[in-house]
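Participant: sequence below, structure please.
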Amino acid sequence: LANGKVFDSSRQRGQPFRTVIGVGRLIKGWDEGIPTMSLGESAILSIQPEYGYGSRGAGASIPPNAELIFEVIIYIYIL
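Facilitator: Numbers count the residues shown, from 1 in each chain. Okay, the predicted model is just below:
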């Protein structure tokens, strides 16, 4: 979160996060931000609420209207 609170970390789990981009499984900020990255690139994605979980938030971890900050490294693309 923008306040520095970590709500999820694949690094702490020791496993990369695997997903499919652009099919509606993820927040809009990921669906739009990840495809702009290159293999091996590292980036900080700062995602405003309208591209994240909006006014509903997500459970107890992500409050309504939260700005989300993600550190992302692209290890592999499968097309």
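Participant: can you list the weak-confidence ranges in this structure?
Facilitator: Within the chain, the ranges that satisfy pLDDT under 70 run 79.
Participant: can you pull out the helices in it?
Facilitator: 10-13, 28-33 (DSSP state H).
Participant: what residues does the nearest residue to I47 once chain neighbours are set aside make contact with?
Facilitator: Spatial nearest neighbour of I47, chain neighbours left out: G29 (3.3 Å); criterion: Cβ to Cβ, 6 or more residues apart in numbering. For the C-beta atoms, the positions are set from N, CA and C on the backbone; glycine is no exception. When contacts are counted by Cβ atoms under 8 Å, 6 or more residues apart in numbering, G29 is found next to L45, I47, Q48, Y51, G52, L68.
Participant: pipe these into JSON lines and attach neighbour count and distance to G14 per row.
Facilitator: Shown next, in JSON lines, are those (neighbours: other Cβ atoms under 10 Å; distance: Cβ to Cβ, whole Å):
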{"residue": "L45", "neighbour count": "19", "distance to G14": "21"}
{"residue": "I47", "neighbour count": "20", "distance to G14": "24"}
{"residue": "Q48", "neighbour count": "14", "distance to G14": "30"}
{"residue": "Y51", "neighbour count": "18", "distance to G14": "28"}
{"residue": "G52", "neighbour count": "21", "distance to G14": "25"}
{"residue": "L68", "neighbour count": "21", "distance to G14": "22"}
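Participant: out of these, which is nearest to S9?
Facilitator: Of all these, L68 has the smallest distance to S9: 13.0 Å, by Cβ to Cβ.
Participant: separation between the closest one and E32?
Facilitator: Noted for L68: a distance of 13 Å to E32, by Cβ to Cβ, to the nearest Å.
Participant: how much space between the residue nearest to I47 and R56?
Facilitator: Distance of G29 to R56, given as Cβ to Cβ: 15 Å.
Participant: surely S10 and F70 touch.
Facilitator: No. In this structure S10 lies outside contact range of F70 using Cβ atoms under 8 Å: 10.3 Å.
Participant: more crowded one of those two?
Facilitator: F70 (17 against 12; other Cβ atoms under 10 Å).
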